[in-house]
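**Student:** Here is a sequence together with a model predicted from it:
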Amino acid sequence: MPRSVNSVASRARRKKVMKQAKGFFGRRKNVWTVAKNAVEKAMVYAYRDRKQKKRNFRALWIMRINAGARQYGMSYSQFMGKVKAANIELNRKVLADLAANHPTAFEAIVNQVK
């Protein structure tokens, strides 16, 4: 009995990976074995960095709130402690936006918690 190979599916699989490797540098974009490894690694980085992105943004928001709070003689931890105690239910994203783009609104919050 002759050997049966599904070359249509194999070609489609390779084509999908090569399409994902478009824009890569050098042999990573047009040599199958190199492209396959490069795309696999890229997918690992993409998965990892979707989680990392959330951490990075939270860190950015904390820096912005800290900078805003220090203008009024408070540290970040003191400010956030007083915000929680005053039952102000604004998250870090909103507080950071106020600190960076709406200083008068942020000042009103600082005065409210002092």
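**Tutor:** Happy to help now that I have it. Numbering: from 1, shown residues only.
**Student:** Point out the other helices and strands that the helix ranked longest in the chain packs with.
**Tutor:** Assignment by DSSP state H gives helix 32-70 as the longest helix of the chain. Here helix 32-70 touches helix 7-20, helix 76-85, helix 92-101, helix 103-113, going by 3 or more C-beta pairs under 8 Å, 6 or more residues apart in numbering; DSSP states H and E. C-beta: built from backbone N, CA, C; applies to glycine.
**Student:** Give me the distance from that helix to the chain's centre.
**Tutor:** Relative to the centre of its chain, helix 32-70 is centred 5 Å away, using C-alpha atoms, centre = their mean, to the nearest Å.
**Student:** Can you point out the buried residues in that helix?
**Tutor:** Using 16 or more other C-beta atoms under 10 Å as the test for burial, helix 32-70 gives 35-36, 38-39, 61-62, 64-66, 68-69.
**Student:** Give me the angle between that helix and helix 76-85.
**Tutor:** 80 degrees (axes from the mean of the first three to the mean of the last three C-alpha atoms, to 10 degrees).
**Student:** hang on, the earlier thing: Throw the helices and strands packed on helix 32-70 into CSV and include mean pLDDT, thanks.
**Tutor:** Output for the helices and strands packed on helix 32-70, formatted as CSV (pLDDT from 0 to 100):
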stretch, mean pLDDT
helix 7-20, 96
helix 76-85, 97
helix 92-101, 97
helix 103-113, 96
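**Student:** Comparing these, which comes out most buried?
**Tutor:** helix 92-101 (a mean of 18; mean count of other C-beta atoms under 10 Å).
**Student:** what does that one contact?
**Tutor:** 57-58, 60-62, 64-65, 67-69, 83, 90, 105-106, 109 (C-beta atoms under 8 Å, 6 or more residues apart in numbering).
**Student:** what do you get for stretch 21-41?
**Tutor:** Contacts of stretch 21-41 (C-beta under 8 Å, 6+ apart): 14, 17-18, 20.
**Student:** what would the residues you listed look like in CSV with distance to residue 100?
**Tutor:** CSV is the format used below for the contacts of stretch 21-41 (distance: C-beta to C-beta, whole Å):
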residue, distance to residue 100
14, 47
17, 42
18, 43
20, 36
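**Student:** and which of those residues is nearest to residue 53?
**Tutor:** Within these, the smallest distance to residue 53 is 20.2 Å, found for residue 20 (C-beta to C-beta).
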